[in-house]
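Engineer: Predicted coordinates and the sequence they were generated for:
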Amino acid sequence: MTYPTLTQQALDQQAIAQQELDGLLEAQAQTVALAAPSKDPLTDRDRTIIATVVSQSDYPHDCQPQDVVTIWINSDGIVWVKMSHGFARFHKEPFKAAVAEVKATLPETPRERNERLSAELETACTKFGLWHGEIDWVSFSTKVFRGKDLVGFVGCNDEGWYSRPRQYGRNRISDSASTAIASLGARVAVAA
């Protein structure tokens, strides 16, 4: 029985260069694949605000939030907005004022609401010498403690602030975090 024999042929310079290039491209592809994707710095809310400001200006196109690509400020204090159909140019201070005006007309985001309620709860807990457990951010509710002792449950919903001394039972509706905590029987902390 005969067996075929393979013989090594001499590599020419082109083949060597091609192998080297293939190796470099493979290494670069792996490096790029490992890099984390960049996060878009503009939120949907940002894009809505920017699109509204641009639409209210003398920009010739109607601008929608999805048209906003990016925004930057150059060293001359000029704000540039790149959109899918061109660029808009604004002076920094008037643009800042327009953004504040538009922002004031938009409804509060869940995150802004939670931050506002959290700050109010923190102030009320400090006033009464209490602390609260981990907040359930979806329903905005938590347990309130004095030291290690459970004082009750406090939260905020569409009806307003509420409290109850036990996990189950009727909520006592209040107009602020302080009155909700006070309805649990807590008294203002007095310095000794």
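Structural biologist: Okay, I see it.
Engineer: which residues are in contact with the strand ranked longest in the chain?
Structural biologist: Using DSSP state E, we find that the single longest strand of the chain is strand 149-157. Strand 149-157 is contacted by residues 117, 121, 130, 132, 136, 139-145, 161-167, 177, 180-181, 184-186 when judged by CB atoms under 8 Å, 6 or more residues apart in numbering. The C-beta positions use only the backbone N, C-alpha and C, and glycine is treated the same way.
Engineer: Would you map the strands across the chain?
Structural biologist: Using DSSP E, strands in the chain cover 68-73, 78-83, 86-91, 131-132, 141-146, 149-157, 160-164, 172-174.
Engineer: what would those strands look like in CSV with distance to His61?
Structural biologist: Listed next are the strands of the chain as CSV, based on distance: least, CB to CB, whole Å:
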stretch, distance to His61
strand 68-73, 12
strand 78-83, 8
strand 86-91, 7
strand 131-132, 49
strand 141-146, 46
strand 149-157, 42
strand 160-164, 44
strand 172-174, 49
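Engineer: that older thread, pull out the buried residues from the longest strand of the chain.
Structural biologist: The neighbour-count check on strand 149-157 (16 or more other CB atoms under 10 Å) flags Val151, Gly152, Phe153, Val154, Gly155, Cys156 as buried.
Engineer: So for the closest residue to Thr52 other than its chain neighbours, what's the pLDDT?
Structural biologist: Nearest residue to Thr52 in three dimensions, chain neighbours excluded: Val102, at 4.8 Å (CB to CB, 6 or more residues apart in numbering). Here the pLDDT value assigned to Val102 is 93.
Engineer: if I pick Val102, what's in contact with it?
Structural biologist: So Val102 contacts Ile49, Thr52, Val53, Gln56 (CB under 8 Å, 6+ apart).
Engineer: Filter those residues down to the buried ones and hand me the PyMOL line.
Structural biologist: To isolate the buried members of the contacts of Val102 in PyMOL, using 16+ other CB under 10 Å:
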select buried, resi 49+52+53
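Engineer: Would you format the contacts of Val102 as TSV with distance to Ala97 included?
Structural biologist: Output for the contacts of Val102, formatted as TSV (distance: CB to CB, whole Å):
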residue	distance to Ala97
Ile49	13
Thr52	13
Val53	10
Gln56	12
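Engineer: so which of the contacts of Val102 would you say is closest to Thr43?
Structural biologist: Checking the contacts of Val102 against Thr43 with CB to CB, the nearest one is Ile49 at 9.4 Å.
Engineer: right, and that closest one touches Lys103 too?
Structural biologist: Yes - counting by CB atoms under 8 Å, Ile49 does reach Lys103; the two are 5.9 Å apart.
Engineer: May I have the beta-bridge partners of Gly86?
Structural biologist: Note on Gly86: beta-bridge partners by DSSP bridges are Met83.
Engineer: so it makes contact with Val68?
Structural biologist: No - with contact defined as CB under 8 Å, Gly86 and Val68 do not form a contacting pair (11.6 Å).
Engineer: These two: who's more crowded?
Structural biologist: Taking neighbours as other CB atoms under 10 Å, Gly86 and Val68 compare with Val68 leading, 21 against 12.
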